[in-house]
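>>> Give me a model of this one.
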Amino acid sequence: MTEAREAAGPGGGRLHIPIHLRWGDLDAFNHVNNTAMLKLLEEARVRAFWTPEAGEQAPPTAVLESSIFSGVLTLIARQEIEYLAPVPYQRHPLDVQMWFGKLGGSSIEVCYEIMSPRETAGETGQTLYARATTVVVKVDAGSGRPLRLTSEERAAWEPFLGEPILYAHRR
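This is a model prediction of the structure:
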């Protein structure tokens, strides 16, 4: 079950998708491995954008029918992650904050800030562990050709349209 929360973000709203860590997400240095971070972002995307099954809860952005059976695929065109602090194992879920940096013709730019759990923020606030961007393209499963975003998808996602991430360490 997904418990998504909405909050104001840069230029628009943000989704707050709680994602639990698994012990296997850690590496020999006792923090979340860089490849595990990609899986955590994938899990947040699925919970935020794919339509729920009967009896499941989902945020208002969960409007994508994406499976081989639906005829629609969501393919990753690009991903970028900027790691800012090691993510230690913890029992409370990470607060994956998400918004859209851009809605294109057949693509979306999903922006993320991976934060420490809200439950443990205390007086110092949350720790920003990483920022990330994923460009996702909607594709027809049969032909492999891009599919235009629908008016329903745009209506669900536009309230979460904000500024794209500007990476500090880009050359």
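>>> contacts and neighbour counts: CA atoms only from here.
Fine.
>>> any idea which helix or strand comes after the lengthiest helix in the chain?
Longest helix of the chain, by residue count under DSSP state H: helix 34-49. Note on helix 34-49: by DSSP states H and E, the next helix or strand toward the C-terminus is strand 72-83.
>>> can you state the direction angle for that next one and helix 34-49?
If you take axes from the mean of the first three to the mean of the last three C-alpha atoms, to 10 degrees, strand 72-83 sits at 130 degrees to helix 34-49.
>>> Could you give the average pLDDT over the helix or strand that strand 72-83 is followed by?
Next along the chain after strand 72-83, taking DSSP H and E as the criterion, comes strand 94-103. Per-region confidence: strand 94-103 scores 97 on mean pLDDT.
>>> Next secondary structure element downstream of strand 94-103?
Going down the chain from strand 94-103, the next helix or strand is strand 107-115, by DSSP H and E.
>>> Look at the residue nearest to Ser107 when sequence neighbours are not counted and give its secondary structure.
In this structure, Ser107 finds its nearest non-sequential neighbour in Val137, 4.2 Å apart by C-alpha to C-alpha, 6 or more residues apart in numbering. Secondary structure assignment for Val137 (DSSP: H, G, I helix; E, B strand; the rest coil): strand.
>>> Tyr129: what secondary structure?
strand.
>>> neighbours of the residue nearest to it when sequence neighbours are not counted, just the number please.
Nearest residue to Tyr129, sequence neighbours excluded (C-alpha to C-alpha, 6+ apart): Ala85, at 4.7 Å. Counted with other C-alpha atoms under 10 Å, the neighbours of Ala85 add up to 12.
>>> likewise Phe29?
Phe29: 9 neighbours (other C-alpha under 10 Å).
>>> can you tell me the helix or strand for it?
Applying DSSP H and E, one finds Phe29 in no helix or strand.
>>> Residue ranges in the chain under the pLDDT threshold?
1-11, 66-68, 169-171 (pLDDT under 70).
>>> mind redoing it with 50?
1-3, 5, 8-10 (pLDDT under 50).
>>> what helices or strands is the longest helix of the chain leaning on?
Applying 3 or more C-alpha pairs under 8 Å, 6 or more residues apart in numbering; DSSP states H and E, we find helix 34-49 packed against strand 13-19.
>>> Against which helices or strands is the strand it packs on packed?
Against strand 13-19 (3+ C-alpha pairs under 8 Å, 6+ apart) you get strand 5-8, helix 34-49, strand 94-103.
>>> hmm, try it at 10 Å
In this structure, strand 13-19 makes packing contacts with strand 5-8, helix 34-49, strand 94-103, strand 107-115, judged by 3 or more C-alpha pairs under 10 Å, 6 or more residues apart in numbering; DSSP states H and E.
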